[in-house]
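[1] sequence below, structure please.
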Amino acid sequence: MLANDNACMNSDNDFDTIIIGAGMSGLAAGIRLAHYDQRVCVLEKHWTIGGLNSFYRVNGRNFDVGLHAMTNFTEKGAKKGPLARLLKQLRFRWDDFQLAEQNGSRISFPGVFLDFDNDINNFQAEVNAKFPHQKDAFQSLLDRLVDYDDLKQEDFALSTRSILAEIFSDPLLIEMLLCPLMWYGNAREHDMDWGQFCIMFRSIFLEGFARPFKGVRLILKHLVRRFRELGGELKLRSGVARLCVEGNQVVGVELENGTILTAKRILSSAGAVETMRLCDDQSEAQVHMAGEMSFIESISVLDCQPKKFGFDKTIVFFNDSPNFHWTKPTDRLCDTRTGVICSPNNYDYDPAHGELEAGFIRLTTIADHARWATLDEGLYQREKLHWYDESVASAVQYMPDFRRYVVDTDVFTPKTIRRFTSHDNGAVYGAPDKQLDGTTRLQNLFLCGTDQGFVGIVGAIVSGISMANQHCLKA
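    Numbers count the residues shown, from 1 in each chain. Presented below is the predicted three-dimensional model:
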């Protein structure tokens with residue numbers, strides 16, 4: 001019992017499961033549990049939902065945060081794959097998300113590029129054409145990926161670079177394969193866990209990219225509506241101050257306003273280090289374990305559709321040398337040698353939806369949270385403008401120059417990411433070491449989301465479902 005706290009005796013504050021974080025994984029877990037008549041409360045520190053995968057409105061325009069593309073796309077009617085699984089388990093229809101496939105994307109390195117779409121046969125043909133001496137090796141990789149078990153912890157952390165070096169004899173192809181997969185889901189600098197490589201390869205190359213016409217807000221709207229329809233309780237501006245621990249269990253959650261909530265179990269999407277720091281018996285913060293990879297991202301609003309000036313790719317992953325640079329900057333705020341160019345306009349939308357309200361180009365480059373966090377407001381704003389210009393200058397080496405068409409811009413940095421996700425170091429993909437079974441040292445406290453191991457929108461939703469099934473429904 002929590003001493004001297006009458007709130008603990010209030011049944012309105014007592015739940016079967018409390019979920020920390022109203023991102024994709026937390027909301028999905030809440031829906032799954034509410035389907036089975038659990039009394040569920042989702043707590044969100046901020047005034048809006050979604051975490052990094054959210055949206056906002058500025059100057060009359062809607063902007064997505066975090067969403068370049070939704071991975072794991074499969075066609076309507078598909079029975080296998082993460083997308084089919086989440087639709088079935090959350091009881092959504094395929095049409096609810098209004099998904100449109102990518103037009104086609106590119107991996108661009110000096111002197112060579114690889115184009116791909118949502119058909120693995122096309123990508124395999126591209127690899128075979130550009131790297132004919134690696135044809136058998138690439139087929140060997142595909143064969144090896146078929147039977148990989150996502151939840152096999154003992155194989156997950158093997159070195160991807162070491163495994164790929166055994167398969168391929170051409171180091172350039174290895175770097176080009178790693179580039180988009182690291183960009184879309186790798187918390188570890190320099191190398192990548194083999195398990196994460198397998199998950200991301202399947203989600204991008206064997207399944208593919210798609211996007212709802214209305215962006216991430218459509219997905220979030222459906223998740224919140226379904227959760228509330230099922231009786232779930234969503235508390236915004238309800239940050240958790242501490243988890244009250246007795247023995248090997250959490251017995252209560254104290255909010256920042258002093259309210260105490262109780263539950264049989266806690267499911268947290270706040271991150272492994274961040275969650276354990278909330279435990280009132282935890283003394284060591286362990287910030288160094290929380291991950292370092294963070295980004296700066298700009299959104300350029302254009303006065304025309306990108307196809308007008310010759311840019312029809314959905315996403316371009318670029319790198320300026322044969323060696324892929326995947327580490328935080330050591331001597332500057334940002335590293336623009338590698339990046340991601342994305343146009344939300346370049347998807348195969350249903351003509352009935354029309355075109356997006358404006359043209360958009362999104363640029364993402366690697367940034368150092370520690371340096372951004374030390375800037376005063378004036379310098380912070382100036383550096384945002386400077387690094388916007390630097391990232392655009394890098395990007396236009398790999399796409400038509402769009403600068404004359406820009407009518408508005410917005411930029412967010414690792415400070416923004418830290419603010420809206422509460423992740424240490426502004427780490428987008430969380431801690432390098434994942435806990436695939438979601439367990440912690442406390443028997444009724446579990447992880448979901450990024451630090452459990454599944455990333456991206458579909459990955460986060462599947463993480464929430466999986467952890468709810470495994471730890472909150474079996475019980």
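[2] in the helix or strand hosting Ala165, what's buried?
    In this assignment (DSSP states H and E), Ala165 forms part of helix 160-167. For helix 160-167, burial by neighbour count (16 or more other C-beta atoms under 10 Å) applies to 160, 163-164. Every C-beta, even on glycine, is put in place using the N, C-alpha and C of the backbone.
[3] same for it, what does it pack against?
    helix 135-146, helix 171-183, helix 194-201 (3 or more C-beta pairs under 8 Å, 6 or more residues apart in numbering; DSSP states H and E).
[4] so which of these is the most packed in?
    Comparing the helices and strands packed on helix 160-167 by mean neighbour count (mean count of other C-beta atoms under 10 Å), helix 194-201 ranks first with a mean of 24.
[5] other SSEs contacting the helix or strand just after that one?
    Using DSSP H and E, the next helix or strand after helix 194-201 towards the C-terminus is strand 210-212. Using 3+ C-beta pairs under 8 Å, 6+ apart as the contact test, the elements touching strand 210-212 are strand 99-101.
[6] apply 10 Å and report the result again.
    Of the remaining helices and strands, those touching strand 210-212 by 3 or more C-beta pairs under 10 Å, 6 or more residues apart in numbering; DSSP states H and E are strand 99-101, helix 216-229, helix 456-467.
[7] would TSV of those with mean neighbour count, mean pLDDT and distance to Ala69 be doable?
    Output for the helices and strands packed on strand 210-212, formatted as TSV (neighbours: other C-beta atoms under 10 Å; pLDDT from 0 to 100; distance: least, C-beta to C-beta, whole Å):
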stretch	mean neighbour count	mean pLDDT	distance to Ala69
strand 99-101	21	94	10
helix 216-229	19	93	11
helix 456-467	27	93	9
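[8] who wins for proximity to Phe197 among those?
    When those are compared by C-beta to C-beta, helix 456-467 sits nearest Phe197, at 13.7 Å.
[9] chain center to that closest one, what's the gap?
    10 Å (C-alpha atoms, centre = their mean, to the nearest Å).
[10] and for stretch 280-300?
    When C-alpha coordinates are averaged (C-alpha atoms, centre = their mean), stretch 280-300 and its chain have centres 14 Å apart.
[11] what residues sit buried inside that stretch?
    Using 16+ other C-beta under 10 Å as the burial criterion, the residues of stretch 280-300 that qualify are 282, 290-300.
[12] out of the helices and strands packed on helix 160-167, the one nearest Ala28 is which?
    Closest to Ala28 of those is helix 194-201 (C-beta to C-beta; 17.1 Å).
[13] relative to helix 171-183, how tilted is that closest one?
    Here the directions of helix 194-201 and helix 171-183 differ by 80 degrees (axes from the mean of the first three to the mean of the last three C-alpha atoms, to 10 degrees).
[14] residue ranges of the helices in this protein, please?
    24-34, 82-90, 120-130, 135-146, 153-156, 160-167, 171-183, 194-201, 216-229, 272-278, 369-373, 377-395, 414-421, 456-467 (DSSP state H).
[15] just the strands in the stretch 201-350 of the chain please.
    Under the criterion DSSP state E, counting those that start in this stretch, strands of the stretch 201-350 of the chain are mapped to 210-212, 233-235, 240-246, 249-255, 260-268, 294-302, 315-319, 334-342.
[16] mind putting those into CSV with distance to Gly30 and mean pLDDT?
    Shown next, in CSV, are the strands of the stretch 201-350 of the chain (distance: least, C-beta to C-beta, whole Å; pLDDT from 0 to 100):
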stretch, distance to Gly30, mean pLDDT
strand 210-212, 21, 93
strand 233-235, 8, 97
strand 240-246, 16, 95
strand 249-255, 15, 95
strand 260-268, 9, 96
strand 294-302, 27, 95
strand 315-319, 31, 98
strand 334-342, 29, 97
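[17] out of the ones you listed, nearest to Val428?
    Of those, nearest to Val428 by C-beta to C-beta is strand 294-302, at 5.9 Å.
[18] picking up where we left off before, nearest to Ser25, out of the strands of the stretch 201-350 of the chain?
    Ranking the strands of the stretch 201-350 of the chain by proximity to Ser25 (C-beta to C-beta) places strand 260-268 first, at 8.7 Å.
[19] mind saving the C-alpha coords of the closest one as PDB?
    What follows is strand 260-268, C-alpha atoms only, in PDB (Å, rounded to 0.1, in the frame of the first residue of the first chain):
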ATOM      1  CA  ILE A 260      -1.700   8.500  -7.500                       C
ATOM      2  CA  LEU A 261      -3.000   5.800  -9.900                       C
ATOM      3  CA  THR A 262      -2.800   2.100  -9.200                       C
ATOM      4  CA  ALA A 263      -2.800  -0.900 -11.600                       C
ATOM      5  CA  LYS A 264      -2.000  -4.600 -11.700                       C
ATOM      6  CA  ARG A 265       0.700  -4.000 -14.300                       C
ATOM      7  CA  ILE A 266       2.500  -1.100 -16.100                       C
ATOM      8  CA  LEU A 267       3.400  -1.100 -19.800                       C
ATOM      9  CA  SER A 268       5.800   1.700 -20.700                       C
END
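[20] what strands line up against it, and which way round?
    Strand 260-268 has the following strand partners under DSSP bridges: strand 14-20 (parallel), strand 249-255 (antiparallel), strand 445-447 (parallel).
[21] out of the ones you listed, deepest packed?
    Each of these was scored by mean neighbour count; the highest is strand 445-447, a mean of 27, by mean count of other C-beta under 10 Å.
[22] who is Asp335 paired with across the strands?
    Asp335 forms beta bridges with Ile366, as assigned by DSSP bridges.
[23] low pLDDT regions in the stretch 251-400 of the chain?
    Counting by pLDDT under 70, the stretch 251-400 of the chain shows low-confidence ranges at 283-288.
[24] try it again with 90
    Residue ranges of the stretch 251-400 of the chain with pLDDT under 90: 280-292, 330, 350-357.
[25] let me see the domain layout of this structure.
    The chain is divided into the following domains under automatic domain parsing: 6-59+215-290+429-473, 101-209+291-419.
[26] would you convert those domains into CSV that also reports distance to Arg91?
    Formatted as CSV, those follow (distance: least, C-beta to C-beta, whole Å):
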stretch, distance to Arg91
domain 6-59+215-290+429-473, 7
domain 101-209+291-419, 21
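[27] which of those domains sits closest to Leu87?
    Closest of the domains of the chain to Leu87 is domain 6-59+215-290+429-473, at 9.8 Å (criterion: C-beta to C-beta).
[28] from the chain's centroid, how far away is that closest one?
    Here the centre of domain 6-59+215-290+429-473 is set off from its chain's centre by 16 Å, with C-alpha atoms, centre = their mean.
[29] also stretch 167-184?
    The gap between where stretch 167-184 is centred and where its chain is centred comes out at 20 Å by C-alpha atoms, centre = their mean.
[30] outside of the helix holding Ala165, which residues touch it?
    With C-beta atoms under 10 Å, 6 or more residues apart in numbering as the test, helix 160-167 has contacts from 134, 136-138, 140-141, 144, 159, 171, 173-175, 177-178, 181-182, 186, 188, 190-198, 200-201.
[31] let's see it at 8 Å
    Residues outside helix 160-167 that contact it (C-beta atoms under 8 Å, 6 or more residues apart in numbering) are 137, 140-141, 144, 171, 174, 177-178, 190-194, 196-197.
[32] do the same with stretch 224-241
    15, 20, 22, 27, 30-31, 33-35, 39-49, 90-92, 253-259, 270, 278.
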